[in-house]
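J.: structure of the sequence below:
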Amino acid sequence: LGFPNDLMNRYHPKLNVTTKAILYYDDDGPFYRVHAVTSGFELWKRNSNAQIGAMARVLDVCPRQLEEKHALIPPPSTDEHKFISQCRSKGDRARYNFQHFANFGANMALPSGSFLHSNYLCFIWHPVLEKVRQFVRDHPVHPDDITV
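T.: Numbers count the residues shown, from 1 in each chain. Okay, here's the model as predicted:
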């Protein structure tokens with residue numbers, strides 16, 4: 001396909017993925033048993049508009065953002081989800097908490113072992129996210145999981 005050597009290419013829409021579901025794994029795992037992957041796929045088929053993953057993570061935010069988050073949480077009867085703001089000028093911060101394994105309070109799921117819809121690849125490569133992709137390329141550990 002003529003791609004340059006770039007970790008982000010595994011998410012490139014020009015790969016012309018022919019399936020709706022994409023199962024991602026990092027080269028270092030973790031690797032799940034067949035039953036867990038099959039169960040994840042069944043869950044994804046019922047919720048194909050969302051990333052379905054097993055490695056949930058939490059972002060710790062400042063008190064102002066936490067208050068905003070609680071004000072934005074929709075009633076259980078709605079399917080509306082909103083994002084909280086991140087304003088450095090207001091002292092906001094978000095810290096990736098790798099020491100806490102979230103069950104229900106997660107902000108994100110790591111891509112390894114997760115299912116995504118193939119249409120999602122277009123969003124990752126949208127021009128507006130070029131700064132995020134460049135951050136991944138320039139960072140010493142190439143944290144491509146933040147793009148997903």
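
J.: where is the longest helix in this protein?
T.: helix 34-46 (DSSP state H).

J.: for the residue nearest the centre of the chain, which non-adjacent residue is spatially closest?
T.: Centroid-nearest residue in the chain: residue 148, 3.4 Å away (criterion: C-alpha atoms, centre = their mean). Among residues not flanking residue 148 along the chain, residue 111 sits closest, at 4.2 Å (C-beta to C-beta, 6 or more residues apart in numbering). In this view, the C-beta of every residue, glycine as well, is placed from N, C-alpha and C.

J.: correct me if wrong: the one you found contacts residue 57.
T.: No - in this structure residue 111 lies outside contact range of residue 57 using C-beta atoms under 8 Å: 11.0 Å.

J.: more crowded one of those two?
T.: residue 111 (23 against 17; other C-beta atoms under 10 Å).

J.: roughly how far does residue 127 sit from residue 108?
T.: Distance of residue 127 to residue 108, computed by C-beta to C-beta, to the nearest Å: 23 Å.

J.: hmm, I typed the wrong one, I wanted residue 2.
T.: 32 Å.

J.: neighbour count for the two, which is higher?
T.: A direct count of neighbours by other C-beta under 10 Å for residue 2 and residue 108 places residue 108 higher, at 17 against 4.

J.: so where do the strands sit in the chain?
T.: With strands called from DSSP state E, the chain shows them at 21-24, 56-61, 94-97, 108-109, 114-117.

J.: so which of the ones you listed is the most packed in?
T.: Mean neighbours per residue, mean count of other C-beta atoms under 10 Å, is largest over those for strand 114-117, with a mean of 22.

J.: show the average pLDDT along that one.
T.: Throughout strand 114-117, pLDDT has a mean value of 89.

J.: quick one: contacts of it?
T.: 20-24, 40-41, 44, 48-49, 51-55, 148 (C-beta atoms under 8 Å, 6 or more residues apart in numbering).

J.: using CSV, write out every CA atom in it.
T.: C-alpha atoms of strand 114-117 as CSV (Å, rounded to 0.1, in the frame of the first residue of the first chain):
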residue,chain,number,x,y,z
SER,A,114,-11.1,-4.5,21.9
PHE,A,115,-13.6,-4.5,19.0
LEU,A,116,-14.2,-1.4,16.9
HIS,A,117,-16.4,-0.7,13.9
